[in-house]
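Trainee: Here's a sequence, model it:
(one chain, ligands or ions: 1)
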Amino acid sequence: MASAAPIPAEITGLLFDLDGTLVNSSRLTCAIIDAMLADRGIAVVADPAVVRAMDGIGGEAMLAAVMGPHCTDPAAEIAAFRARHAVVATPPDLAFPGVAEGLARLQAAGVVMGICSNKPQPLCDKILQDLGLAGRFRAIIGASAGRPRKPAAHTALLALQAMGADVQRTLYVGDTMVDVGTAAAAGLPIALMAWGYGVDAARAGVPQAPLFADMQALLDFVLSRPAGPLHQDTDSC
Ligand SMILES: O=C(O)COP(=O)(O)O
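Mentor: The predicted model follows:
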């Protein structure tokens, strides 16, 4: 069982993973791979279950698993995949149900939010802009050359800094063991989205982590918490 920081009495910040946590990106990933193969006259239908199982492992390994023998040069394939991804419109319903409304309510309640993802930075920005969600976040930190990928703490720490987050009152929300490791490395408590891609393994790793069935459950958990000792008025007589 992995160690995890305790959940604070009051939560003023949320640091989200992207794929599998807020967006159901496996559908779009498969559509792009199918289009790449169709250009070569290959009619393979990419399997979203394989994409989900490879989430967080790295793009080249994911493409090798999904494309099988058609992936002869993983480095070239991932470059082609990202180039195509950069110009493909994001389906408006790529976010999981209730995400857009939930993020709006959290922002209106004053919760400071950020993203830390292993997806390349330009694709994180594009997806969130296409979905009209970029403005919900004070920081969007994706993968970038020279930046160690999750589960190293770097993306999370960069996001926390850019958010101006109160680290002692910030909860990491993710869906895989990569997120569990990232949260632990950054010293944050973790919660899991039940619709996530690697949530069974993550739950086995941190059975004490809150598990949210949907955005409403996340909102209820965050917004209904009583103020903790750090927030109590110590001047009262
Ligand atoms: O695209 C990936 O490799 C994973 O992205 P995530 O960190 O947002 O789950």
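Trainee: name the helices or strands packed onto the strand or helix carrying residue 173?
Mentor: For residue 173, the host element (DSSP states H and E) is strand 170-174. Under the contact criterion of 3 or more CB pairs under 8 Å, 6 or more residues apart in numbering; DSSP states H and E, strand 170-174 touches strand 13-16, helix 154-163, helix 177-186, strand 190-193. Every residue, glycine included, has its C-beta placed from N, CA and C.
Trainee: can it be found next to the ligand?
Mentor: No. Residues of strand 170-174 are not located near the ligand by CB under 6 Å from any ligand atom, the shortest gap being 7.5 Å.
Trainee: follow-up on the earlier one: what's the closest of the helices and strands packed on strand 170-174 to the ligand?
Mentor: Comparing these by their distance to the ligand (CB to the nearest ligand atom), the top pick is helix 177-186, with 6.6 Å.
Trainee: doesn't residue 219 make contact with residue 106?
Mentor: Yes. With contacts counted by CB atoms under 8 Å, residue 106 reaches residue 219, the gap being 6.7 Å.
Trainee: near the ligand, which residues of this protein?
Mentor: Residues of the chain found near the ligand (CB under 6 Å from any ligand atom) are 17-20, 55-56, 117-119, 150.
Trainee: Now with 8 Å, please.
Mentor: The chain has residues 17-21, 25, 55-59, 62, 115-120, 123-124, 142-143, 149-150, 174-176, 178-179, 197 near the ligand, with proximity defined as CB under 8 Å from any ligand atom.
Trainee: what bridges to residue 171?
Mentor: For residue 171, the beta-bridge partners are residue 14 (DSSP bridges).
Trainee: for it, what are its contacts?
Mentor: 7-8, 11, 13-15, 188-191, 222 (CB atoms under 8 Å, 6 or more residues apart in numbering).
Trainee: likewise residue 53?
Mentor: Residue 53 neighbours (CB under 8 Å, 6+ apart): 65, 197-198.
Trainee: do the same with residue 219
Mentor: 102, 105-106.
Trainee: Likewise for residue 110?
Mentor: Residues in contact with residue 110 (CB under 8 Å, 6+ apart) are residue 12.
Trainee: three-state assignment of it?
Mentor: coil (DSSP: H, G, I helix; E, B strand; the rest coil).
Trainee: What does the pLDDT read for it?
Mentor: If you check residue 110, the pLDDT there is 96.
Trainee: what do you get for residue 55?
Mentor: At residue 55, the pLDDT value in this model is 84.
Trainee: ok, now residue 208?
Mentor: Listed pLDDT for residue 208 reads 95.
Trainee: That one: what secondary structure?
Mentor: Quick answer, by three-state DSSP: residue 208 is coil.
Trainee: wouldn't it be in contact with residue 4 here?
Mentor: Yes. Using CB under 8 Å, residue 208 is in contact with residue 4, at 6.5 Å.
Trainee: Of the two, give the one with the bigger neighbour count.
Mentor: residue 4 (19 against 13; other CB atoms under 10 Å).
Trainee: right, and the more buried one touches residue 210 too?
Mentor: No. With contact defined as CB under 8 Å, residue 4 does not reach residue 210; the gap is 10.3 Å.
Trainee: Now residue 201: closest residue in space that isn't a chain neighbour?
Mentor: residue 177 (5.2 Å; CB to CB, 6 or more residues apart in numbering).
Trainee: I meant to write residue 48 there.
Mentor: Using CB to CB, 6+ apart and skipping residues adjacent in sequence, the residue nearest residue 48 is residue 26, 4.2 Å away.
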